[in-house]
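Colleague: I need the structure of the sequence given here:
(one chain, ligands or ions: 2)
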Amino acid sequence: MKINGKGMLKTEVLPNNGIQELHQNITHQEKLKVIEYHFGKIMETLGLSLDNPSLKNTPKRVAKMYINEVFKGLDESNFPKISFFENVSGYREMVVVDNITVHSYCEHHFVPFFGKAAVAYIPKDRVIGLSKINRIVQFYASKPQIQEKLTVEIGQKLKDLLKTDDVAIYIEANHLCVASRGIKDKESVTKTTFFSGKFLKDKEKARFINSISK
Ligand SMILES: Nc1nc2c(ncn2[C@@H]2O[C@H](COP(=O)(O)OP(=O)(O)OP(=O)(O)O)[C@@H](O)[C@H]2O)c(=O)[nH]1
Ligand SMILES: [Zn+2]
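Modeller: Numbers count the residues shown, from 1 in each chain. Ligands and ions are numbered 1, 2, ... in the order given. Just a heads-up that it's a prediction; the model follows:
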């Protein structure tokens, strides 16, 4: 992958189908340079001067923020290390982790949506380190997407990791693309759920929903 002095990708190496291939084929440093260059161009197009001392480093900051922080969930190698423990006590009830902070980005407008998640599962042979549930939620939240996708992705991953079908997820979030632009409704909240295994039954669904703060 070749990048010119300003960090712009040479057009002949740009793949026809865009970002996905670009993402896979260039290094971490190259991604930073490409985003810095293009974000600087967006700012200049808006009429902002990169000579302004306060704005000068903004393209670099945005590139670092995208790659190393808010969109780090686009890179599977950032998936957290997960600790499991044998379910030695034979615990067969629901484990609920409530009030998990969620910060994500709307893929349609590239502005944040944020709120909280609740996760429940019924263990089989293994239990997961509690904080790892928060880490998994935060990993999947760290990319541009819609809330429905985030909800399902967390649910499916926990089923795989915990080797149980019995998983439930609840997410509620405020979307800045709804609150601060467009319809400008600050009060509306979006609520999404994922239920699988025993949580498909009305009784277990209700037990989960009643046990979390909404
Ligand atoms: N289903 C779903 N839609 C979302 C989510 N986040 C944002 N959206 C919506 O994506 C839609 C994009 O609609 P468009 O008509 O293409 O964009 P727009 O002209 O900016 O729409 P407005 O927001 O209505 O001004 C909007 O209705 C957003 O509210 C999400 O997490 N899930
Ligand atoms: Zn949006």
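Colleague: Skipping its backbone neighbours, what lies nearest F79 in space?
Modeller: Setting aside the residues directly before and after it, F79 is nearest to F139 in space (C-beta to C-beta, 6 or more residues apart in numbering), at 5.8 Å. Every residue, glycine included, has its C-beta placed from N, CA and C.
Colleague: centre of the chain versus the host helix or strand of that neighbour, how much separation?
Modeller: Element membership for F139, per DSSP states H and E: helix 130-141. Remark: helix 130-141 is offset 9 Å from the chain centroid, using C-alpha atoms, centre = their mean, to the nearest Å.
Colleague: so, in contact with ligand 2 or not, the following helix or strand past it?
Modeller: Per DSSP H and E, the first helix or strand lying C-terminal to helix 130-141 is strand 144-145. No. Counting by C-beta under 5 Å from the ion, no contacts exist between strand 144-145 and ligand 2, the nearest distance being 9.3 Å.
Colleague: Any part of strand 144-145 near ligand 1?
Modeller: No. Remark: strand 144-145 sits outside contact range of ligand 1, by C-beta under 6 Å from any ligand atom, the gap being at least 7.2 Å.
Colleague: Show me how far that strand is from its chain's centre.
Modeller: 7 Å.
Colleague: list the helices and strands whichever helix or strand comes after it packs on?
Modeller: Next helix or strand after strand 144-145 toward the C-terminus (DSSP H and E): helix 147-162. Judged by 3 or more C-beta pairs under 8 Å, 6 or more residues apart in numbering; DSSP states H and E, the packing partners of helix 147-162 are strand 95-106, strand 112-121, strand 126-128, helix 130-141, strand 167-175, strand 190-195.
Colleague: now the ones you listed as JSON lines including mean pLDDT?
Modeller: Shown next, in JSON lines, are the helices and strands packed on helix 147-162 (pLDDT from 0 to 100):
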{"stretch": "strand 95-106", "mean pLDDT": "98"}
{"stretch": "strand 112-121", "mean pLDDT": "98"}
{"stretch": "strand 126-128", "mean pLDDT": "97"}
{"stretch": "helix 130-141", "mean pLDDT": "98"}
{"stretch": "strand 167-175", "mean pLDDT": "98"}
{"stretch": "strand 190-195", "mean pLDDT": "98"}
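Colleague: for these, which one sits closest to ligand 1?
Modeller: Of all the helices and strands packed on helix 147-162, it is strand 95-106 that lies closest to ligand 1, at 4.2 Å by C-beta to the nearest ligand atom.
Colleague: Could you export the closest one as CSV, CA atoms only?
Modeller: The C-alpha coordinates for strand 95-106 follow below in CSV (Å, rounded to 0.1, in the frame of the first residue of the first chain):
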residue,chain,number,x,y,z
VAL,A,95,-26.9,-13.7,36.1
VAL,A,96,-27.8,-10.1,35.3
VAL,A,97,-25.3,-7.2,34.7
ASP,A,98,-27.3,-4.0,34.7
ASN,A,99,-26.5,-0.4,33.9
ILE,A,100,-23.6,-1.0,31.6
THR,A,101,-22.5,2.3,30.0
VAL,A,102,-22.8,2.3,26.2
HIS,A,103,-21.2,4.8,23.8
SER,A,104,-21.5,4.2,20.1
TYR,A,105,-21.9,6.0,16.8
CYS,A,106,-24.8,6.2,14.4
